[in-house]
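Student: got a structure for you, letters missing:
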Ligand SMILES: [Zn+2]
């Protein structure tokens, strides 16, 4: 999936009559960069129509820049009349007249309605001009075969809306919600790398990966089934050596890595006894032979 994002207008353009700090061109620039960030996090490829905020570019050319993309979105905020109007706030997707962006247009307009808590419901609109689409950006997108839409983020002629759009935290949430809506609409699941789980023969030894984190056990004991193992700082299973437990007692890790329990072992020519919990026995043991002459521990 590849999307072309277009920030509506450039420089300082379309100041809000309701809040003079607001310029549509400034908001849309910030918003489209945030959308890019969140879409890319979802594994979607994104291009933008312009390199810098101060750069102008023709409407048709901006739409046509989406060549090879699956969707073209031009970000805007709407205006009604010349002055303040606190009654009109509906979000709208102005969709290409060929209908190619109707579904995603409605989904995004509804996403804006939910995110911005507008009083009026979302809608999609289409406008025909003399040469196809009335809007130049949509004409350009359609010419290169990209489903195109203009997303009007409510009205900056509305005092509450202009203030809302001035808050960068709001823009961040809005962009994330829009990216999620796109992923959902196109059925794109977030690709998480497969987590390793269980035993892996790596770097000439064995590691045990915890499935919930995908990380190997390091500098710690791990019980797999009936047996305990110990892994060093690099996550490698340690074998044929002694290891102290947190209780300060000695435990023996056999050739296969499993901690020995309730058995005798010969270590460097000397005999050791390991108790039922695996700790090394220290003290006196009484031994006697059985009927075959084998040494047994006398209990
Ligand atoms: Zn605009």
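Tutor: Structure's in. What do you need? Every value quoted in this text rests on a predicted model; they were computed, and no experiment measured them.
Student: Report how many residues lie close to residue 120.
Tutor: Other residues near residue 120 number 14, with proximity taken as other Cβ atoms under 10 Å. (Each C-beta comes from the backbone N, C-alpha and C, glycine too.)
Student: Point out the residues in the stretch 1-150 of the chain that sit beside the ion.
Tutor: Residues of the stretch 1-150 of the chain lying close to the ion by Cβ under 5 Å from the ion are 8, 76.
Student: if we go to 6 Å?
Tutor: By the rule Cβ under 6 Å from the ion, the part of the stretch 1-150 of the chain lying against the ion is 8-9, 24, 76.
Student: export those to JSON lines and tack on secondary structure, distance to residue 142 and neighbour count?
Tutor: Formatted as JSON lines, those follow (DSSP: H, G, I helix; E, B strand; the rest coil; distance: Cβ to Cβ, whole Å; neighbours: other Cβ atoms under 10 Å):
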{"residue": "8", "secondary structure": "coil", "distance to residue 142": "18", "neighbour count": "24"}
{"residue": "9", "secondary structure": "coil", "distance to residue 142": "21", "neighbour count": "21"}
{"residue": "24", "secondary structure": "helix", "distance to residue 142": "24", "neighbour count": "24"}
{"residue": "76", "secondary structure": "strand", "distance to residue 142": "18", "neighbour count": "24"}
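Student: Could you identify the most distant pair in those residues?
Tutor: Using Cβ to Cβ, the two most remote members of these are 9 and 76, lying 7.8 Å apart.
Student: Check the contact lists of the two and give me the overlap.
Tutor: Taking Cβ atoms under 8 Å, 6 or more residues apart in numbering as the contact rule, residue 9 and residue 76 both touch 24, 28.
Student: what packs against the host helix or strand of residue 154?
Tutor: Assigned by DSSP states H and E, residue 154 belongs to strand 148-155. Applying 3 or more Cβ pairs under 8 Å, 6 or more residues apart in numbering; DSSP states H and E, one finds that strand 148-155 contacts strand 71-78, strand 92-95, helix 102-116, helix 136-143, helix 159-166.
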